[in-house]
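A.B. asks: sequence unavailable; structure follows:
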């Protein structure tokens, strides 16, 4: 299966099913959005993550997708995701092909995160913001689909028992809300013809 066929399959699946919204009675959650950036290089689909600087107040030193809180000037959650991606990585928002939206994810920092999947240029020409990005991690999709890199723990979070996911790729550990978003994304990939491999 070609990478373009994979992207078309994801676009088709994501556009035909409405994303689930977070429903946490009693919690007031602020709005945030992220972009799950995917790209093709050498005929191989990849996913991009950023590692947040150790100096940040929240989620320091964690891997994440580009994104952040919704600002008053953001007309929609998608505007937030594209603006933040441009600010963090220097990727022109007009050059992102948005494939669709995944299920909302709540965070312990009391955000409701709307994740969008978007195809970015595969040229690797980033201009990372030193304040927001310490490291850029590009992972071939096949590496993320390897079941041996996933570990699941059960913990009580926000008043309920929940599964915590940890994806260990080499020396890099992806966990928290990013891992929950990644798991949702990979479920769509595995349902595509060829399973993204």
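C.D. replies: Structure's in. What do you need? Bear in mind that the values here come from a model prediction, so they are computed numbers and not experimental data. Numbers count the residues shown, from 1 in each chain.
A.B. asks: helices or strands up against the least confident helix or strand in the chain by mean pLDDT?
C.D. replies: For the chain, using mean pLDDT, DSSP states H and E, the weakest element among its helices and strands is strand 105-106, scoring a mean of 85. Contacts defined by 3 or more C-beta pairs under 8 Å, 6 or more residues apart in numbering; DSSP states H and E place strand 105-106 against strand 111-119, helix 176-191. The way it works is simple: take the backbone N, C-alpha and C, and place the C-beta from them, glycine included.
A.B. asks: centre of the chain to the very next helix or strand once past the shortest one, how far?
C.D. replies: This means strand 111-119. Next along the chain after strand 111-119, taking DSSP states H and E as the criterion, comes strand 135-140. Here strand 135-140 is found 12 Å from its chain centre; the criterion is C-alpha atoms, centre = their mean, to the nearest Å.
A.B. asks: show me what strand 135-140 is packed up against.
C.D. replies: strand 44-51.
A.B. asks: give me the contact list for the following helix or strand past the strand it packs on.
C.D. replies: On the C-terminal side of strand 44-51, the nearest following helix or strand under DSSP H and E is strand 63-64. Under the contact criterion C-beta atoms under 8 Å, 6 or more residues apart in numbering, strand 63-64 has outside partners 34, 49-52, 137, 172-175, 177-178.
A.B. asks: of those residues, the lowest pLDDT goes to which?
C.D. replies: When the contacts of strand 63-64 are compared on pLDDT, residue 52 comes out lowest, with 84.
A.B. asks: so that residue touches residue 61, yeah?
C.D. replies: Yes: using C-beta atoms under 8 Å, residue 52 is in contact with residue 61, at 6.3 Å.
A.B. asks: overlap in contacts, these two.
C.D. replies: Joint contacts of residue 52 and residue 61 (C-beta under 8 Å, 6+ apart) are residue 134.
A.B. asks: which of these two has more neighbours?
C.D. replies: Using other C-beta atoms under 10 Å as the criterion, residue 52 and residue 61 rank with residue 52 on top: 19 against 12.
A.B. asks: separation between the more buried one and residue 133?
C.D. replies: Look at residue 52 and residue 133: by C-beta to C-beta, to the nearest Å, they are 7 Å apart.
A.B. asks: any idea how far residue 143 is from residue 186?
C.D. replies: If you go by C-beta to C-beta, the gap between residue 143 and residue 186 works out to 11 Å.
A.B. asks: listing partners with orientation, what would you give for the least confident helix or strand of the chain?
C.D. replies: strand 111-119 (antiparallel) (DSSP bridges).
A.B. asks: nothing else from me, thank you.
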